[in-house]
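Colleague: Quick one, fold the following:
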Amino acid sequence: MPSANASLDAVLSHVDANLDQSLERLFTLLRIKSISTDPAFAGEVNAAADWLANELKGLDFDASVRPTTGHPMVVGHQRGEGPSVLFYGHYDVQPIDPIELWTNDPFDPKIGEENGRKVILARGASDDKGQLMTFIEACRAYKAVRGSLPLGVTVLLEGEEESGSPSLDAFLAANAEELKADIALVCDTDMWDEETPSIITMLRGLVADQVEIQAASRDLHSGMYGNAARNPNQVLAEIIASLRNPDGSVAIEGFYDDVPELPEAVAEQWKRLPFDDKGYLGEVGLSEPAGEKNRSVLEQITSRPTCEINGMWGGYTGEGFKTVIPAKAWAKISFRLVGNQDPKKIREAFRAHVRARVPADCTVTFHEHGGSPASVVPADGPMLQKALGALTQEWGREAAVAGSGGSIPIVGDFKRKLGMDSLLIGYAQTGDRIHSPNEKYNLESYHRGIRSWVRVLDALSR
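Modeller: I've put the predicted structure just below:
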């Protein structure tokens, strides 16, 4: 009987020898115009679901296309001994507008070259068809060499991620027992850079509120009422200015109560990672970090909570000038949450902060725009450590434990509805132009992504 290492090497060699055939299958999927947000492409979305289900069936998965109130899900199971994983990806894509900015047909995939690297050019190449196919092709290599997968695998492929996942919540609730596994694997994410793999273990949560301040019963002539009448624009401006302290921290009472410090091992690793504070801000024409003064830019954008004013308006904002004191003023304000911050507690603290600063003759109204907690995978979790080791072995660089400044709702859904932590492992690059013309996916990302999943599945099975 061959050793475990010899058996793993044989699977990796199969991946290398059959890369061209793997690319052909990816190109077939990329040619399907599965734009979920446009009803005109509903048939194409269904075609993509059917194609993926058939591919999984060909690998001995118990696979089927599952109808929802919107576009279908694809679910496949292959039972195995030992641990089990749930792999999630999405097969729908963004619209292609503006088409005139594409250098090639977005649904006619090509191999091109950028900055000395071969790239796959097509809509969905990176987000998310290329990514999900790295996992399916890793399963294919295992089946070809060993005849079976090294652990139990369930695959869940969504057809509405790019249109807000309207059917996902109900689907997870209705199929929770079927979908549960020891860990979820989510591929819709990036590497740290082109040479350094990463696993995202921290996703920030989100709270968003719209604030409306009303003073007078109608708009007023500023010459007749100026000074005497309360101006809601000024009231709102003063409230907004009060949200931050001079050191850049958020001034809302209790805001940091449930914010943890980075684990020491993660903090030390981040110091070793290639990240240029000045370069990161310089790319967008800025030079000075605006957040907490004692925190690096990397911490500010990934592991620290935020308070941001996303919009504010009131009075006359059209061409020319109108000397009016408005009756109302509005602002949209959001908070990114970390650690154990409770969305409900943060919303209530924010509203209390605002109410305490609303003067007489003014009223305030709030309009909620959603809220979700942060997601954190324990840094010392055994499955995380196994996956990090597998990625380090494949790429020859220490795999990074990373945080994401954004929010990925599916990860929170897996935790709350299925009781599972998630490992976010992807091979995309920040420059892949997802959602934009000329989307691309590095050929190396595709090839080594398949190899990486082979190693990760092997490591998780042990």
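
Colleague: Against Gly205, how distant is the spatially most central residue of the chain?
Modeller: Geometric centre of the chain, nearest residue: Ile408, 4.1 Å, by Cα atoms, centre = their mean. To Gly205, Ile408 is 11 Å away according to Cβ to Cβ, to the nearest Å. Using the backbone N, CA and C atoms, a C-beta is placed for each residue, glycine as well.

Colleague: swap in Gly58?
Modeller: Distance, Gly58 to Gly205, using Cβ to Cβ: 39 Å.

Colleague: separation between the residue nearest to the residue nearest to the centre of the chain when sequence neighbours are not counted and Ala459?
Modeller: Counting by Cβ to Cβ, 6 or more residues apart in numbering, Ile408 lies nearest to Leu203, which is 5.5 Å off, once chain neighbours are set aside. To Ala459, Leu203 is 23 Å away according to Cβ to Cβ.

Colleague: More neighbours: these two, which one.
Modeller: A direct count of neighbours by other Cβ atoms under 10 Å for Leu203 and Ala459 places Leu203 higher, at 30 against 19.

Colleague: Verify the stated contact: the residue nearest to the centre of the chain with Phe414.
Modeller: No: using Cβ atoms under 8 Å, Ile408 is not in contact with Phe414; the gap is 10.0 Å.

Colleague: about what we covered before: residues shared between the contacts of Ile408 and Gly205?
Modeller: Residues touching both Ile408 and Gly205 (Cβ atoms under 8 Å, 6 or more residues apart in numbering) are Ser375.

Colleague: List the buried residues of stretch 335-355.
Modeller: 335-339, 341-343, 345-347, 349-351, 353-354 (16 or more other Cβ atoms under 10 Å).

Colleague: For that stretch, give the mean pLDDT please.
Modeller: For stretch 335-355, mean pLDDT rounds to 96.

Colleague: So which elements touch the strand or helix carrying Glu444?
Modeller: Assigned by DSSP states H and E, Glu444 falls within helix 443-461. Here helix 443-461 is seen to pack against helix 4-17, helix 19-30, strand 117-121, helix 129-145, helix 382-395 when contacts are counted using 3 or more Cβ pairs under 8 Å, 6 or more residues apart in numbering; DSSP states H and E.

Colleague: doesn't Leu206 make contact with Ile346?
Modeller: No: assessed by Cβ under 8 Å, Ile346 is found out of contact with Leu206, at 10.0 Å.

Colleague: shared neighbours of those two, which are they?
Modeller: Shared contacts of Ile346 and Leu206, defined by Cβ under 8 Å, 6+ apart, are found at 335, 337, 371.

Colleague: Follow the chain on from the host helix or strand of the first one and name the next helix or strand.
Modeller: Applying DSSP H and E as the criterion places Phe335 in strand 328-337. Toward the C-terminus, strand 328-337 is succeeded by helix 343-355 as the next helix or strand (DSSP H and E).

Colleague: Which strands border the least confident helix or strand in the chain by mean pLDDT, and is each parallel or antiparallel?
Modeller: Ranked by mean pLDDT, DSSP states H and E, the weakest helix or strand in the chain is strand 375-376, scoring a mean of 85. Using DSSP bridges, strand 375-376 pairs in its sheet with strand 198-203 (antiparallel).

Colleague: From the contact counts, what lies against the helix or strand just after the partner strand?
Modeller: Once the chain leaves strand 198-203, the next helix or strand it forms, by DSSP H and E, is strand 205-214. When contacts are defined as 3+ Cβ pairs under 8 Å, 6+ apart, strand 205-214 packs onto helix 232-241, strand 328-337, helix 343-355, strand 363-372.
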